[in-house]
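*Asks:* Predicted model and sequence below, questions to follow.
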Amino acid sequence: WYQRRVHGESIKSLRHVTSNICGCPHNYCCCPHGNTKEPSPPDTSCPWVGLDCLFNDISATGNVQTWQECAAACADHKTCAYWSWRGPTAWMNPYGCWLKSGCTQVISDPSMVSGAYTCVA
């Protein structure tokens, strides 16, 4: 599932990848550089601990102390549909917050927390 906002309203759509496109089952996203399988973002849990939404960056900000602050920034941004926050234990860009227009691919990263714009607490 992925969500996006159109004129301030949330639109939820099912994106599924069929095996004839890249050999991935429908509940996985395919990476553009081969048949690497990564789990698609969960659609009911909040937040998604240990997952990083790839690509679709709108903006990046440093020194964001909590995932809740990052989530609130996304909720306040007109075109943000997803966010990813890097925790204090990350070796690169700790406390970084990325606002995203979509989340069609994710990777596992124990230092990351991500979520939809509706996930604020």
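*Replies:* In hand now; what should we look at? Bear in mind that the values here come from a model prediction, so they are computed numbers and not experimental data.
*Asks:* which helices and strands does the biggest strand by length in the chain pack with?
*Replies:* In the chain, assigned by DSSP state E, the strand with the most residues is strand 106-116. Packing contacts for strand 106-116, counted by 3 or more C-beta pairs under 8 Å, 6 or more residues apart in numbering; DSSP states H and E, involve strand 37-39, strand 48-53, helix 67-76, strand 82-86. The C-beta positions use only the backbone N, C-alpha and C, and glycine is treated the same way.
*Asks:* one more time with 7 Å
*Replies:* strand 37-39, strand 48-53, strand 82-86 (3 or more C-beta pairs under 7 Å, 6 or more residues apart in numbering; DSSP states H and E).
*Asks:* any low-confidence regions in this protein?
*Replies:* 1-44 (pLDDT under 70).
*Asks:* so of the helices and strands packed on strand 106-116, which one's packed in deepest?
*Replies:* strand 82-86 (a mean of 27; mean count of other C-beta atoms under 10 Å).
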